[in-house]
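[1] 3D, please:
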Amino acid sequence: MPYDTLIALIAILPIGGFAFTALFGRRIQAQYGKVAASAVPIALVGLAWAAAMIVAAGAIGGAAPFGAHGHGITFWEWIPAGQFSVSAGFFVDALTACLLIVVTTIGLLVHIYSVGYMSHDGGYWRFFAYLNLFMFSMLLLVLADSFLVIFVAWELVGLSSYLLIGFWFPRHSAALASKKAFIVNRVGDVGFILGIMLIWVNLHTLNVQAVLAGIGGLDHTTISWIALLILCGAVGKSAQFPLHVWLPDAMEGPTPVSALIHAATMVNAGVYLIARTSPIFARAPEIMVVVAALGTFTAILAASIAFTQTDIKRVLAYSTLSQLGYMFAALGVGAWAAAIFHLMAHGFFKGLLFLDSGSVIHAVHDEQDMRKMGGLSKKIPITYWTMLIGSVAISGIPPLAGFFSKDEILGDAFKNGFLWVWAIGFLVAAMTAFYMFRLIGLTFWGESRVDPAVEPTIHESGRAMTIPLILLAIPTIFIGLFLGLPFGASRLQGWLEPVFAPTVALANRTEQPFALFGIDGALILASVTVAAIGIVLAWRFFGVNLGPLRSKARLNTVSAIASANGATRFLYRASLNKWWFDELNDLLFIRIGGRIANGLWWFDRNVVDGAVNGTGRVVSSTGGRLRRIQTGRVQNYALGIAVGLIVMAAAYLVIAGSR
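    Reported below is the predicted structural model:
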């Protein structure tokens with residue numbers, strides 16, 4: 001089958017699955033059961049995965065027609081309007097291939113996992129329809145060759161996430177969370193669409209490759225504004241400060257949704273967008289510093305919040321924020337390939353961790369508070385060991401995936417002169433290891449704190465849920481070895497070299513591949529050491545063999561903090577309350593903003609509308625009174641004429657007499 005057909009099928013198959021399931025899913029579920037209702041959407045996503053793997057292999061290997069610089073196909077002229085013309089087409093290169101691997105693989109496993117996780121939900125068919133729509137939206141975003149098509153897909157991703165986060169819409173918190181995600185993302189999208197407009201005004205094209213080729217002809221100020229506006233869109237979609245507040249609340253959706261949003265698709269869109277437009281950012285170094293600053297601040301902010309959260313999914317949500325901060329930091333220091341490396345590695349181990357959390361929640365009858373868990377390692381062993389693998393990977397312990405990708409980011413930041421980025425990333429590495437093994441300790445180790453009524457019913461999840469866990473654990477272990485080795489000649493670096501080499505030279509960055517000796521070895525040893533210290537401390541506080549009394553004392557953290565000094569108590573409360581960002585947004589935009597809006601509404605209603613409506617009432621009232629003299633009787637008109645003449649004559653005589 002020709003590559004062009006395969007590329008088209010990658011997007012067509014999921015949208016076909018959405019249309020079929022939306023039209024016939026309810027009827028199929030009613031007549032043939034839930035598994036039958038999910039058969040078509042899963043099968044079509046599986047075929048899309050197969051097509052994506054063939055296309056990705058061709059793009060990475062440089063097979064015809066991809067060559068070294070990618071391959072574009074045009075389906076039709078979408079908007080021909082004078083000088084403004086936008087084609088509907090796709091473009092595939094090595095960067096696209098990396099995203100296709102992550103999105104389709106994790107998306108397919110999430111679909112399979114959902115068969116078990118959603119088996120008791122009445123909206124089963126609707127859930128799979130939404131999943132297919134989400135897959136189409138993200139794949140369209142990755143494949144699009146035009147900024148306008150990217151923006152359409154960008155908004156479709158937002159719509160899909162709104163539907164999935166609010167899937168259990170009768171629950172008030174889920175409805176609010178979906179609206180919050182949708183509205184916060186629209187804030188960033190305003191910047192993105194303005195950036196697209198600025199591109200058109202200056203370059204008269206929206207084709208991505210044409211824009212990247214012609215961007216060097218613009219003045220520095222214009223380039224900087226374009227980069228800053230694109231960054232606004234990326235900050236919203238990838239939930240970076242200050243638009244990070246929507247992502248933790250997205251946990252209100254079913255756990256497979258959390259895995260799909262937080263690991264493989266939506267949150268990676270911002271990272272992908274900046275990487276795709278790297279020639280623009282490379283010409284605006286001050287904007288790259290902003291990218292690095294936002295990333296490092298988000299990384300340490302989110303890690304500090306994850307320290308004290310008790311909801312297992314919220315810990316992972318803040319972990320996602322922190323890891324996305326790592327990726328933004330890498331983009332900001334010019335480590336483009338390292339950012340994509342971490343995007344791929346993070347997609348697999350974070351997808352694994354979220355699906356593991358769903359298996360835990362499923363086992364303990366929908367309980368998400370880790371303080372009501374404990375001692376689950378022997379009761380759900382597959383979930384335990386796969387989640388342990390994911391936690392070791394995200395902590396940066398060799399030889400798992402997170403070790404290679406995270407250390408490449410830290411190493412490039414150090415060698416490119418961004419010592420402050422390296423220092424914060426180094427600290428976040430220790431914090432990550434601590435809060436992840438705090439999660440493991442509270443959930444799986446120590447004494448059981450599960451509800452006694454639930455305890456006897458705890459069991460491992462079914463094969464539909466455990467097989468995806470095992471399959472995700474495999475790349476979590478080996479993908480770093482595959483992409484990051486051999487030392488000094490990173491395989492991923494070779495794949496992406498045609499994409500990023502001009503940008504690396506333009507930005508005057510080193511973009512070093514992973515290495516083991518010299519300064520690299522010292523940096524690696526230091527980061528592994530701090531990660532190990534974080535794990536040991538977490539084990540010390542939340543690990544095994546503490547005994548019931550000491551376990552209870554350790555868990556009574558709030559009481560311990562309350563008796564501590566003021567600074568410690570403040571930091572704990574700040575972390576527990578997420579540094580009060582939700583309260584601040586409520587104050588600024590709901591209370592103060594609401595009052596300002598009410599005041600403007602009063603002014604509009606009473607002053608603006610009052611003036612317009614008052615003028616209308618005066619004219620209407622005057623016309624109504626004048627209408628009464630129109631009787632249709634000739635004698636009345638004659639009398640009126642006579643009276644008028646008498647008045648005019650009298651007025652004339654008075655005026656003449658006064659002279």
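
[2] contacts, neighbours, all on C-alpha from now
    Fine.

[3] so residue 496 makes contact with residue 94?
    Yes: using CA atoms under 8 Å, residue 496 is in contact with residue 94, at 5.9 Å.

[4] which of the two has more neighbours?
    Between residue 496 and residue 94, residue 94 has the larger neighbour count (other CA atoms under 10 Å), namely 27 against 22.

[5] got a pLDDT number for that one?
    Note for residue 94: predicted pLDDT of 94.

[6] then residue 250?
    89.

[7] next, it: secondary structure please.
    What DSSP: H, G, I helix; E, B strand; the rest coil gives for residue 250 is helix.

[8] just the CA coordinates for whichever helix or strand residue 138 is part of, please, in CSV.
    Taking DSSP states H and E as the definition, residue 138 sits inside helix 124-143. Extracted C-alpha coordinates of helix 124-143, given in CSV (Å, rounded to 0.1, in the frame of the first residue of the first chain):
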residue,chain,number,x,y,z
TYR,A,124,-19.6,2.3,27.7
TRP,A,125,-20.3,2.9,24.0
ARG,A,126,-20.2,6.7,24.3
PHE,A,127,-16.9,6.5,26.1
PHE,A,128,-15.3,4.6,23.2
ALA,A,129,-16.8,7.0,20.7
TYR,A,130,-15.1,9.9,22.6
LEU,A,131,-11.8,8.0,22.8
ASN,A,132,-11.8,7.6,19.0
LEU,A,133,-12.6,11.3,18.5
PHE,A,134,-9.7,12.2,20.8
MET,A,135,-7.3,9.9,18.8
PHE,A,136,-8.4,11.5,15.5
SER,A,137,-7.9,15.0,17.0
MET,A,138,-4.4,14.4,18.2
LEU,A,139,-3.3,12.5,15.1
LEU,A,140,-4.6,15.3,12.9
LEU,A,141,-2.7,17.8,15.1
VAL,A,142,0.6,15.8,14.7
LEU,A,143,0.2,15.2,11.0
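
[9] give me the nearest residue to residue 315, chain neighbours excluded.
    Closest residue in space to residue 315, ignoring its immediate chain neighbours: residue 306 at 5.0 Å, by CA to CA, 6 or more residues apart in numbering.

[10] same question for residue 575.
    Spatial nearest neighbour of residue 575, excluding adjacent residues (CA to CA, 6+ apart): residue 305 at 4.5 Å.

[11] quick one: contacts for the one you found?
    Residues in contact with residue 305 (CA atoms under 8 Å, 6 or more residues apart in numbering) are 318, 574-579.

[12] redo that, cut-off 7 Å
    Residue 305 sits next to 318, 575-576, 578 when contact means CA atoms under 7 Å, 6 or more residues apart in numbering.

[13] how far does stretch 596-605 sit from the chain's center?
    Remark: stretch 596-605 is offset 34 Å from the chain centroid, using CA atoms, centre = their mean, to the nearest Å.

[14] now stretch 399-416: buried residues?
    Across stretch 399-416, burial judged by 16 or more other CA atoms under 10 Å covers 399-416.

[15] what does that stretch contact?
    Outside stretch 399-416, the residues that touch it by CA under 7 Å, 6+ apart are 330, 333, 335, 338-339, 341-342, 345, 393-397, 419, 421-422, 425, 476-481, 484, 509-512, 514, 520, 523-524.

[16] quick one, helices of the stretch 551-659 of the chain?
    Remark: helices assigned in the stretch 551-659 of the chain by DSSP state H, counting those that start in this stretch are 557-562, 566-576, 581-585, 593-603, 609-627, 634-658.

[17] many thanks, have a good one.
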